[in-house]
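> Make a model of this:
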Amino acid sequence: MKITGHATWPNQQRWKLHGIGRRLFQNDEIQEGEFKNGELDGFARTIYCDGQYYLGEYQNSNMHGFGYYSYNGGRTNLGMFKDNVFQDERETLDKEPGKPWEAGSQVQLKRTEAKKIR
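Numbering: from 1, shown residues only. All right, here's what the predicted structure looks like:
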């Protein structure tokens, strides 16, 4: 794991990010944003090795608060998350895979249920 940003060493245990920083993992996962005692806490994003990503609020390294999760294939969740679970009962936005967004284009809406992500 590679760490950039402000790191602290509380209680002589291990280096922990505190403040704005970035972590790069051996599996190519990237976490960057606000850290508190080594955990994502505040506004941040995670880019997973399979190309999916989350951009939004974290609490204790869990997706928690308002955020945007993008799946492979174009499906997205936009709304409230709690402990890594998408909470909104609103619609989930889908677009045709591989087709870019265009201003004024029609989109298909699909109903989603709260589910554990990752």
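> Compute the distance between Phe35 and Gln26, please.
19 Å (C-beta to C-beta, to the nearest Å). Where you see a C-beta, it was placed from the backbone N, CA and C, and this is true even at glycine.
> Which of the two has more residues huddled nearby?
A count of neighbours by other C-beta atoms under 10 Å puts Phe35 above the other of Phe35 and Gln26, at 27 against 8.
> for the host helix or strand of that one, packing partners?
For Phe35, the host element (DSSP states H and E) is strand 30-36. Applying 3 or more C-beta pairs under 8 Å, 6 or more residues apart in numbering; DSSP states H and E, we find strand 30-36 packed against strand 16-24, strand 39-47.
> Lowest mean pLDDT across the ones you listed, which one is that?
Among the helices and strands packed on strand 30-36, strand 16-24 carries the lowest mean pLDDT, at a mean of 87.
> Strands of the chain, start to end?
2-8, 16-24, 30-36, 39-47, 53-59, 62-70, 76-82, 85-86, 91-94, 108-111 (DSSP state E).
> angle of the strand holding Phe35 against strand 39-47?
160 degrees (axes from the mean of the first three to the mean of the last three C-alpha atoms, to 10 degrees).
> contact partners of strand 30-36?
Applying C-beta atoms under 8 Å, 6 or more residues apart in numbering, the contact partners of strand 30-36 are 5, 16-25, 40-47, 58.
> Buried subset of those, written for PyMOL?
The following PyMOL line selects those of these that are buried, judged by 16 or more other C-beta atoms under 10 Å:
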select buried, resi 16+17+18+21+23+40+41+44+45+46+47+58
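> Return the residues in contact with Glu39.
Neighbours of Glu39 in contact, by C-beta under 8 Å, 6+ apart: Tyr58, Asn60, Ser61.
> so Phe43 touches Met63, yeah?
No. The pair Phe43 / Met63 is not scored as a contact, 11.6 Å apart, by C-beta atoms under 8 Å.
> Can you pull out the low-pLDDT segments for the chain?
1-15, 89-118 (pLDDT under 70).
> count of neighbours near Gly56?
Using other C-beta under 10 Å, Gly56 has 21 other residues around it.
> Alright, I will stop here.
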